[in-house]
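Colleague: Mind folding the following:
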Amino acid sequence: PTTFKIHRHVEYGQSLLLVGGPAEMGNWDGTKAVPLEWSEGDNWTAKVSLPAGASAEYKYIIKRKDGLDWCPGQNKAVALPAAVAVEVSDSWEHSTNTMAVT
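Modeller: Predicted coordinates:
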């Protein structure tokens, strides 16, 4: 699996979602987006089963009670190596990311 990580503060009752082109990321449909799990310090993670060697464009979404706020700017992109596990660390403000292969 590929683990996506991002640090982002959201208001109480809100959550983060991951959406993108592959079916595993909801095919750009916010209602089918992957929920991220919150941990101490406003760190969020989601595990997505993408095939090794796959490429994907994606964005993060803040889920509010009355709608979805999509991350502004360009889509984020990742090209996965042929590895067992990959961890992608993102920034809300920037489209660049870092990748760790395990």
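Colleague: Give me the pLDDT value at Phe4.
Modeller: If you check Phe4, the pLDDT there is 95.
Colleague: Skipping its backbone neighbours, what lies nearest the spatially most central residue of the chain in space?
Modeller: For the chain, the residue nearest the mean C-alpha position is Leu18 (3.9 Å; CA atoms, centre = their mean). Among residues not flanking Leu18 along the chain, Val34 sits closest, at 4.4 Å (CB to CB, 6 or more residues apart in numbering). (Each C-beta comes from the backbone N, C-alpha and C, glycine too.)
Colleague: returning to that earlier point: pretty sure the residue nearest to the centre of the chain is in contact with Tyr60, am I right?
Modeller: Yes - between Leu18 and Tyr60 there is a contact at 6.0 Å, judged by CB atoms under 8 Å.
Colleague: contacting residues around the residue nearest to Leu18?
Modeller: Each residue near Val34 by CB atoms under 8 Å, 6 or more residues apart in numbering is listed here: Leu17, Leu18, Val19, Glu24, Met25, Gly26, Ala46, Val48.
Colleague: again, 7 Å this time
Modeller: Contact analysis of Val34 by CB atoms under 7 Å, 6 or more residues apart in numbering lists Leu17, Leu18, Met25, Gly26, Ala46, Val48.
Colleague: One more: Lys32?
Modeller: Gly26.
Colleague: Can you tell me how far it is from Arg8?
Modeller: Using CB to CB, to the nearest Å, Lys32 is found at 21 Å from Arg8.
Colleague: Also Pro72?
Modeller: Distance, Pro72 to Arg8, using CB to CB: 13 Å.
Colleague: So for these two, which residue has more residues nearby?
Modeller: Counted by other CB atoms under 10 Å, Pro72 and Arg8 do not tie: Arg8 has more neighbours, with 18 against 8.
Colleague: Grab the nearest non-local neighbour of the more buried one.
Modeller: Closest to Arg8 by CB to CB, 6+ apart is Trp92, at 5.0 Å.
Colleague: Can you tell me the SS state at the one you found?
Modeller: Applying DSSP: H, G, I helix; E, B strand; the rest coil to Trp92 yields a three-state assignment of coil.
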